[in-house]
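> Just need the structure, nothing else, for what follows:
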Amino acid sequence: MTEALGVFGGSFDPPHLGHLILAAEALHQLNLARVLWVLTPQPPHKPGRALSSLAHRLEMLRRTIAGAPAFELSTVEIDRPGPHYTIDTLDMLQARYPAAHLTLLIGGDSLRDLPDWYSPAEIISAVVALGVMRRPGDAVEIDRLEKLYPGLRTKLRFVDAPQLEISSTTIRQRIEAGGHYQYYLVPQVYDYIQRNHLYR
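Coordinates of the predicted model:
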C-alpha cells in the first residue's frame, strides 16, 4: 500500500513555529500521511556557516514535533557522512520506504535556486511532487525553470500558509541582542535554549 510522505529538510537552528505551521499546512493541503523532518548536519550550500551543535539541534527538533503523530524525525542525513545532497537523501528514503510516494517540501527561494542544486533533474525525477511553500517576495520564473527541466510544472504543488515573518536567523539575532523571542518557539524549545544559554 502506498503512503504519501513529505520530506522537510533543514538545519533547524532553531526550529520554530513557522516551521510547524508550514509543515502542518503541507500535510493537510497535499494530503500527506506523514512529514519526515530531516535534520541536515551541514547544508552543502552553506559550507561556511557556523551552526549550533548537532546534539542541541536534534533535541530542539525532537521537542518541537513531540506529540504530533504525523510528524516524524528522520536521521537519514545524520547517520551518514557528508556532503548531504538532497538526491542521495531521497534515494535512501525511497529505499527505506519502498511503497512511499515522496513529496519534497521546499521554499519558494529554493525553487528559484533549483539550478544551483546538486543534480536538480534527478531530484525532480525522484519525487511525485515538489511542495513549494511560498514567502512574501519570492519571485520564481516558472517558465524558465520549465525550459531547463521539462515536466517540472506538472510536479509543482503550491502550499498556501499564513505569511509569518519568522526565521531562525531572526530568532538567533534577537537572542544574541537580548531581545524578545519566546513566542516564536514551542515552550519546550524556549526552555531548552534558556537552560543551555544557546545563541548568546
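> Look at Gly151 and say how many residues are nearby.
10 (other C-beta atoms under 10 Å). Backbone N, C-alpha and C define where each C-beta goes, glycine included.
> Distance of it relative to Leu130?
11 Å (C-beta to C-beta, to the nearest Å).
> Check Gly18 too.
Taking C-beta to C-beta as the measure, Gly18 falls 19 Å from Leu130.
> re earlier: now list whatever residues contact both of Gly151 and Leu130.
Counting by C-beta atoms under 8 Å, 6 or more residues apart in numbering, the contacts common to Gly151 and Leu130 are Ile124.
> Point out where the protein drops to low pLDDT.
Residues of the chain that meet the criterion pLDDT under 70 lie in 44-49, 135-139.
> For it, which segments count as strands?
3-10, 34-39, 71-74, 100-107, 129-133, 156-159 (DSSP state E).
> Could you export these as CSV, including distance to Ala26?
Formatted as CSV, those follow (distance: least, C-beta to C-beta, whole Å):
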stretch, distance to Ala26
strand 3-10, 6
strand 34-39, 7
strand 71-74, 11
strand 100-107, 5
strand 129-133, 5
strand 156-159, 5
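> Just put those in a markdown table and tack on mean neighbour count.
Shown next, in a markdown table, are those (neighbours: other C-beta atoms under 10 Å):
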| stretch | mean neighbour count |
| --- | --- |
| strand 3-10 | 20 |
| strand 34-39 | 23 |
| strand 71-74 | 18 |
| strand 100-107 | 21 |
| strand 129-133 | 22 |
| strand 156-159 | 16 |
